[in-house]
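Student: Sharing a sequence plus its predicted fold:
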Amino acid sequence: MKLLKRTLCSTDDRCGFVLPVVLIVVTFVSVSLAAAYALSSAERRVLDNTGAILEASTMAQTGLEGFVANRASFGFTATPPAAYESTRVALPNGFADVVLQQIRNKAGGSSVSNVYIIRSRGVLTDRGYAAAPLAERVVAQVAVWQAGLKIRAGWTSLTGLRKNGAAGNISGIDNCGSDSTVAGVSVPVPPGMTGSRNPRGLPPIEDLGTPAQAIDSIDIDWAGILDGTALKPTVEIPGGSWPSFWDPNSWPIIMVRGDWSITPSMSGRGILVVTGNLTISGSASWDGILLVGQRLTSNGNNTVLGATYSGLDVLIADNPDSAVAAMGEASVGNGNKTYQYDSCNVGKALNPLGGLVPIQNAWMDNWSTY
């Protein structure tokens with residue numbers, strides 16, 4: 001053994017050189033492995049952080065969209081929304097805190113709807129494993145409250161309008177005093193408005209063009225209303241009973257299929273849809289919106305404060321000109337009657353149909369929180 005050792009190490013003292021080399025190699029490999037592990041851990045941390053941020057951002061957006069689409073499901077039924085509303089939306093692996101805040105009020109004669117900022121803070125709470133990071137992200141969206149129907153005039157008749165006598169008032173001046181003046185009467189020409197032409201508004205009589213052109217001016221889904229997809233009635237007649245209106249806060253949606261007559265004892269409020277002809281007699285009154293498929297005939301000293309539409313069957317006619325000729329003009333008989341735009345009554349009637357509508361290019365990511 002001594003001879004073997006002497007033989008291996010007898011040349012150039014190699015035994016003293018091998019050990020340092022081995023140590024250097026081991027140290028280099030160890031440092032390389034440590035650096036590779038550190039780099040891998042850093043990349044893993046970056047990926048985990050990015051994934052957590054994306055998940056938190058998704059939670060924030062999900063909470064915001066869910067609130068905008070159906071805030072009533074979170075217990076908020078005021079229409080338009082209150083000046084401040086907040087809720088927590090539970091989500092898989094976390095939650096979103098959603099806050100709605102009014103930044104502009106329609107009051108004061110402004111023609112702009114209520115404007116709100118809706119912010120949503122998404123929080124990732126379930127990290128999946130101990131080393132995974134928590135994350136938060138806040139997004140925001142500016143939205144307006146849209147009532148669901150743009151009112152053009154105190155009375156819009158797609159079959160024209162005839163007024164008998166100078167007494168009475170057909171007006172687009174807001175009876176509520178909180179909105180801009182609209183047209184007094186909106187009609188296609190022909191047939192236009194005949195008889196005593198004394199409505200008030202801006203303009204007093206709005207020309208909608210030919211019956212075919214007038215269709216493009218009316219944003220009412222009459223076909224959808226008739227088949228029940230665009231409007232869900234509170235009461236449907238025949239089948240249901242005429243409401244009593246004892247509750248002043250009740251603004252129902254009444255659907256009458258066929259012809260109908262309103263007498264003074266039937267005065268009420270809300271949205272009244274009549275698929276056929278409607279006759280209003282005596283001192284009957286209505287607060288809200290009248291949607292009439294064919295002719296509306298007014299006899300006596302009745303009052304409608306809100307908005308009136310007649311001749312809506314023109315919207316679904318194959319030949320609008322022929323439909324106008326077949327139905328004939330809406331008729332306002334003699335008497336001191338009032339058909340006037342009222343934005344407050346229109347707003348209350350349309351409340352069930354209203355909703356938050358996001359403003360385009362008004363979405364913000366990583367909204368600041370304090």
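Tutor: Yes, it's here.
Student: in the stretch 1-150 of the chain, what spans have low per-residue confidence?
Tutor: For the stretch 1-150 of the chain, applying pLDDT under 70 flags the ranges 1-18, 22, 28, 32-49, 106-112, 127-133, 147.
Student: Break down it into its helices, ranges please.
Tutor: For the stretch 1-150 of the chain, helices defined by DSSP state H, counting those that start in this stretch occupy the ranges 2-9, 15-69.
Student: And for the stretch 251-370 of the chain?
Tutor: 320-327, 343-350.
Student: Any idea which of those gets closest to Trp246?
Tutor: When those are compared by CB to CB, helix 343-350 sits nearest Trp246, at 16.5 Å. C-beta: built from backbone N, CA, C; applies to glycine.
Student: Packing partners of that closest one?
Tutor: strand 268-274, strand 285-292, strand 303-310 (3 or more CB pairs under 8 Å, 6 or more residues apart in numbering; DSSP states H and E).
Student: could those strands be laid out in JSON lines, adding mean neighbour count and mean pLDDT?
Tutor: Below are the helices and strands packed on helix 343-350 laid out as JSON lines (neighbours: other CB atoms under 10 Å; pLDDT from 0 to 100):
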{"stretch": "strand 268-274", "mean neighbour count": "23", "mean pLDDT": "96"}
{"stretch": "strand 285-292", "mean neighbour count": "23", "mean pLDDT": "96"}
{"stretch": "strand 303-310", "mean neighbour count": "26", "mean pLDDT": "96"}
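Student: wait, which of the ones you listed is closest to Asn249?
Tutor: strand 268-274 (9.8 Å).
Student: Need the helices and strands packed on helix 343-350 in CSV (columns: distance to Val142).
Tutor: Listed next are those as CSV, based on distance: least, CB to CB, whole Å:
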stretch, distance to Val142
strand 268-274, 29
strand 285-292, 28
strand 303-310, 28
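Student: about what we covered before: most packed of the helices of the stretch 251-370 of the chain?
Tutor: Of all those, helix 343-350 carries the top mean neighbour count, a mean of 22, counting by mean count of other CB atoms under 10 Å.
Student: Show residues contacting that helix.
Tutor: Contact with helix 343-350 is made by 80, 147-149, 151, 174-176, 178-179, 251, 269-271, 287-289, 305-307, as judged by CB atoms under 8 Å, 6 or more residues apart in numbering.
Student: at 10 Å instead, please
Tutor: 79-80, 106, 109, 111, 113, 145-149, 151, 174-180, 182, 249, 251-253, 269-272, 286-290, 304-307, 342, 354 (CB atoms under 10 Å, 6 or more residues apart in numbering).
Student: what's the angle from that helix to strand 268-274?
Tutor: Taking axes from the mean of the first three to the mean of the last three CA atoms, to 10 degrees, one finds helix 343-350 and strand 268-274 inclined to each other by 60 degrees.
Student: roughly how far is helix 343-350 from the heart of the chain?
Tutor: Offset of helix 343-350 from its chain centre (CA atoms, centre = their mean, to the nearest Å): 16 Å.
Student: quick check: angle from it to strand 303-310?
Tutor: Counting by the same axes, to 10 degrees, helix 343-350 lies at 60 degrees to strand 303-310.
Student: Can I get stretch 343-350 in PDB? Just the C-alpha atoms.
Tutor: The C-alpha coordinates for stretch 343-350 follow below in PDB (Å, rounded to 0.1, in the frame of the first residue of the first chain):
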ATOM      1  CA  SER A 343     -90.900  64.500 -16.100                       C
ATOM      2  CA  CYS A 344     -91.600  63.500 -12.500                       C
ATOM      3  CA  ASN A 345     -94.600  61.300 -13.400                       C
ATOM      4  CA  VAL A 346     -92.700  59.900 -16.400                       C
ATOM      5  CA  GLY A 347     -89.800  59.100 -14.100                       C
ATOM      6  CA  LYS A 348     -92.000  57.300 -11.500                       C
ATOM      7  CA  ALA A 349     -93.800  55.400 -14.200                       C
ATOM      8  CA  LEU A 350     -90.500  54.300 -15.900                       C
END
